[in-house]
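In: Show me the folded form of this:
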Amino acid sequence: MKNITTYIVSFSFLLIIVSCGRNPVPKPSGYMRIDLPEHQYTRLDSIYPYSFEYPVYATISSDEHAKDQPYWINIDFNRFKGRLHLSYKEIDNNLITYTEDAHSLVMKHIPKASAINEIRIDNPVNKVHGLIYDIRGSGAASPYQFFVTDSTRNFLRGALYFSVLPNNDSLQPVIDFVKKDIDHLLETLRWKEHD
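Out: Residues are numbered from 1 along each chain as shown. As a prediction, the model looks like this:
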């Protein structure tokens, strides 16, 4: 019995010595769990020359930086510190200028983007045509942008931003969630004169 006790004490002492010789290694920090709500929508139908369905967990406000543009709005995803900027312009023989401006604003993300995928929007029934720019890369400031038009009178551009340091790897579940909301907005978009 004495040999077993000596063996256990010796083994415990050896284990303590070996464990004291190691440098402690901190665990990598994890990302916080994000609980996402169920997608539910309500219709924006007001004085604007467009209408669409937007999430019930989002709020709409006028764009405080564009007081001279009454149809520019923000859709705020406060829970995620996200904002979708929407800017509306009426076309007056300048559609090419608007589409080139939208494209050049997307191209400003090239230094931080790993890829920019273009997704065509073509809804002839509702006269909604345009492009979605799916901007990939952990440091891209805006992961999702779009423009849509009826090609004759209306032009609407959107850009999604988050009020956090760009780390789209950790934000990816939220980005994917909000992308579905933006896709739904575009699917339900109607120009007022086409109703």
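
In: Setting the sequence-adjacent residues aside, check what's closest to the residue nearest the centre of the chain.
Out: Compute the mean C-alpha point of the chain, and by Cα atoms, centre = their mean the closest residue is residue 175, 4.1 Å away. Closest residue to residue 175 apart from its sequence neighbours, by Cβ to Cβ, 6 or more residues apart in numbering: residue 143 at 5.0 Å. C-beta coordinates here come from the backbone N, C-alpha and C atoms, glycine included.

In: My read is that that neighbour contacts residue 135, right?
Out: Yes: with contact defined as Cβ atoms under 8 Å, residue 143 reaches residue 135; the gap is 5.2 Å.

In: These two: which is more packed in?
Out: With neighbours defined as other Cβ atoms under 10 Å, residue 143 and residue 135 compare such that residue 143 has more, 27 against 24.

In: Contacts only, for the more buried one.
Out: Applying Cβ atoms under 8 Å, 6 or more residues apart in numbering to residue 143 gives the contacts 134-136, 160, 168, 171, 175, 179.

In: Residue 93 too?
Out: The contact partners of residue 93, taken as Cβ under 8 Å, 6+ apart, number zero.

In: So it belongs to a strand, correct?
Out: No: membership of residue 93 in a strand is not supported by DSSP: H, G, I helix; E, B strand; the rest coil, which gives coil.
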